[in-house]
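Let's see this in three dimensions:
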Amino acid sequence: MTAAGGLEKSYRRLLRWYPALYRHRHEEEILGVLMAAAQPGQRRPGARESADLVWSALKIRIRMVTRSAGSEPWAAALALTGVLLPLLILLLKLVLFLDRGAQYGFGSPADILIGAYGEPGSFARSFQLNSYSIALTGNVTDALTAGPVPALILATLVCLGWRRAAAGLAAFVPLAFLAISLTSGYTLLGAPRVDVTLYAYGLEALVLLIAPSAPRGWRALRWRPSALLAAATVAAGIGMNGGLRALLPARPVNPAALRRLFRARMFNIPHGFIDRLFGIGAGGWGDWLLYQGTLAAVVIAALTIMLVSSSVNRRVLSLLGIPFALGAVIYLCSLINPPLPGAAGNALTAIPVLVTLLAAMALVLANSHPVGPDSPSHPAAPQG
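As a prediction, the model looks like this:
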């Protein structure tokens with residue numbers, strides 16, 4: 001094979017990074033410019049040239065994705081998701097605060113700041129039991145994910161339509177959490193609720209940058225999906241805090257349940273995988289169906305109505321399901337016995353967040369300059 005033939009074949013392999021439709025229209029044009037600019041006897045593209053071609057291809061793919069996001073159903077779904085997601089996060093924290101606070105006490109403002117709902121004195125106790133540096137880093141990470149302040153600020157920015165500031169805050173929260181946690185030696189795999197929160201913030205940053213109608217703010221809300229998702233969030237929040245048992249009058253103690261609980265604790269009898277998966281306690285499936293199954297039915301009913309109501313609502317549900325799907329994977333991995341090594345668990349937890357934020361960064365870079373056959377940054381453009 002001649003040098004020119006080998007170089008052309010290498011260029012064509014690189015051009016496969018471009019979308020098929022774009023390649024069909026412009027491949028020969030781009031290839032002609034690249035071959036004309038090649039050095040005599042050159043057999044393969046240089047490293048910088050290859051990187052430029054791949055990056056140009058990725059930018060064009062991102063631009064095509066964002067254009068498809070501008071279609072009417074996706075544009076409405078992205079705008080609605082961008083406003084609803086921080087509001088639902090804030091609503092979940094409010095439900096947990098009221099539920100646990102009513103049972104155990106609301107605590108000081110510092111306890112509320114770090115999300116220690118129903119744990120009065122938790123903030124001060126952390127400094128008494130740990131060194132200052134450990135207590136400080138732990139409280140900062142708790143304030144970022146469990147506390148209400150980041151969600152409140154984010155919801156306010158989104159409702160006002162300040163897209164860039166909201167996207168920056170949504171990206172800052174998981175990045176700051178990961179930076180503090182990983183440098184402090186924390187294990188992330190054992191906290192699926194925290195991981196879902198991180199994924200939700202990362203998704204919010206990406207959605208705000210994709211959504212063409214994000215500056216509409218609260219005007220993008222629709223009452224039916226908002227009400228359905230709010231009901232599902234309230235039910236999920238109560239279910240996460242032990243279900244309806246805490247909200248109902250106390251019932252007589254079941255001696256058989258007490259004996260089962262005593263034997264399990266005395267002899268350290270492990271629950272089966274299904275029991276641990278669903279959080280089945282000493283009362284067995286009967287108690288679970290009564291106190292938490294009812295809430296699960298509310299969530300399922302709300303999501304089913306969302307699925308059958310409209311294409312926009314289905315798209316919203318698919319977007320909101322991403323953090324929970326990733327969190328479910330983390331939760332299942334946390335049940336593995338023996339557990340994964342700490343480094344592997346941290347990597348498994350952090351990679352989805354970092355990939356989401358890298359996609360958001362790539363989107364910003366791709367939209368910062370026009371890309372097309374006639375743009376200066378395009379490889380097919382004539383160089384002066």
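
measure the closest residue to residue 81 other than its chain neighbours to residue 339 for me?
Of all residues not flanking residue 81 in the chain, residue 319 sits nearest, at 4.7 Å (CB to CB, 6 or more residues apart in numbering). Using the backbone N, CA and C atoms, a C-beta is placed for each residue, glycine as well. Distance of residue 319 to residue 339, computed by CB to CB, to the nearest Å: 31 Å.

between the two, which one's more packed in?
Just comparing residue 319 and residue 339: by other CB atoms under 10 Å the higher neighbour count belongs to residue 319, 20 against 14.

Now do the SS call for that one.
Three-state assignment for residue 319 (DSSP: H, G, I helix; E, B strand; the rest coil): helix.

What's the per-residue pLDDT of it here?
With respect to pLDDT, residue 319 has a value of 90.

dump the residue contacts of it.
Neighbouring residues of residue 319 by CB atoms under 8 Å, 6 or more residues apart in numbering: 77-78, 81, 203, 207.

ok, 10 Å please
Contact partners of residue 319, counting by CB atoms under 10 Å, 6 or more residues apart in numbering, are 74, 77-78, 80-82, 84-85, 203, 206-207.

nearest to residue 133, of the residues you listed?
Set against residue 133, the nearest of the contacts of residue 319 by CB to CB is residue 203 (31.6 Å).

Which helix or which strand is home to the closest one?
helix 192-210 (DSSP states H and E).

Show me what that helix is packed up against.
Counting contacts by 3 or more CB pairs under 10 Å, 6 or more residues apart in numbering; DSSP states H and E, helix 192-210 packs against helix 47-69, helix 72-104, helix 132-145, helix 149-160, helix 163-183, helix 311-334, helix 342-368.

quick one, which of the ones you listed is nearest to residue 221?
helix 72-104 (5.6 Å).

Please pull up the helix or strand immediately following that closest one.
For helix 72-104, the following helix or strand on the C-terminal side (DSSP H and E) is helix 109-113.

For residue 222, see how far away the residue nearest to residue 81 is.
Separation of residue 319 from residue 222 (CB to CB): 14 Å.

ditto for residue 323
Distance from residue 323 to residue 222, by CB to CB: 21 Å.

between those two, which one's more packed in?
The neighbour count for residue 323 versus residue 222, taken as other CB under 10 Å, is higher for residue 323 (23 against 16).

Pull out the buried positions in the host helix or strand of residue 9.
Residue 9 belongs to helix 3-15 when assigned by DSSP H and E. For helix 3-15, the neighbour count (16 or more other CB atoms under 10 Å) marks 7-8, 10-11, 14-15 as buried.

I'd like the distance from it to the chain centre, please.
40 Å (CA atoms, centre = their mean, to the nearest Å).

Contacts for that helix, please.
If you take CB under 10 Å, 6+ apart as the criterion, helix 3-15 is touched by 1-2, 22-23, 26-28, 30-31, 34-35, 38-45, 49-54, 56-57, 379.

what do you get for stretch 309-318?
72-81, 84-85, 222, 224-226, 228-229, 232, 302-308, 325.

cutoff 6 Å now
Contact with stretch 309-318 is made by 73, 76-77, 80-81, 225, 306-307, as judged by CB atoms under 6 Å, 6 or more residues apart in numbering.

so which of those comes closest to residue 138?
Distance to residue 138 across the contacts of stretch 309-318 (CB to CB) is lowest for residue 81, with 31.4 Å.

residues in contact with the closest one?
By CB under 6 Å, 6+ apart, the neighbours of residue 81 are 207, 316, 319.

Next, format these as TSV and append distance to residue 149.
Below are the contacts of residue 81 laid out as TSV (distance: CB to CB, whole Å):
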residue	distance to residue 149
207	21
316	26
319	25
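
Any regions of this structure where pLDDT drops low?
Where the chain drops to pLDDT under 70, the residues are 1-4, 62-71, 212-215, 242-291, 366-384.

can you list the domains in it?
The record's domain parsing of the chain by automatic domain parsing lists 3-66, 72-368.

isn't residue 173 right next to residue 143, touching?
No - if you go by CB atoms under 6 Å, residue 173 and residue 143 don't touch, sitting 10.0 Å apart.

can you pull the buried residues of stretch 20-33?
Counting neighbours by 16+ other CB under 10 Å, stretch 20-33 gives 22-23, 26-27, 30-31, 33 as buried.

Ok, stretch 147-162 next?
147-148, 150-151, 153-159, 161-162.

Farthest pair within those residues?
147 and 161 (24.6 Å).

quick one on the thing from earlier: export the contacts of stretch 309-318 as TSV, with columns for distance to residue 194.
Formatted as TSV, these follow (distance: CB to CB, whole Å):
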residue	distance to residue 194
73	33
76	31
77	27
80	26
81	21
225	26
306	26
307	28
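
Give the PyMOL command for selecting the buried subset of the residues you listed.
In PyMOL, a selection of the buried entries from the contacts of stretch 309-318 looks like this (16+ other CB under 10 Å):
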select buried, resi 76+77+80+81+225+306
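
Closest one to residue 193 out of the contacts of stretch 309-318, please.
Closest to residue 193 out of those is residue 81 (20.5 Å), distances taken as CB to CB.

For residue 190, give me phi and psi.
With angles defined as degrees, to the nearest 10, residue 190 sits at phi -90, psi 10.

For burial, what's the neighbour tally of it?
When counting by other CB under 10 Å, one arrives at 16 neighbours for residue 190.

give the contact list for it.
Shown in contact with residue 190 (CB under 6 Å, 6+ apart): residue 334.

So it versus residue 204, what's the distance?
24 Å.

What of residue 220?
Distance from residue 220 to residue 204, counting by CB to CB: 14 Å.
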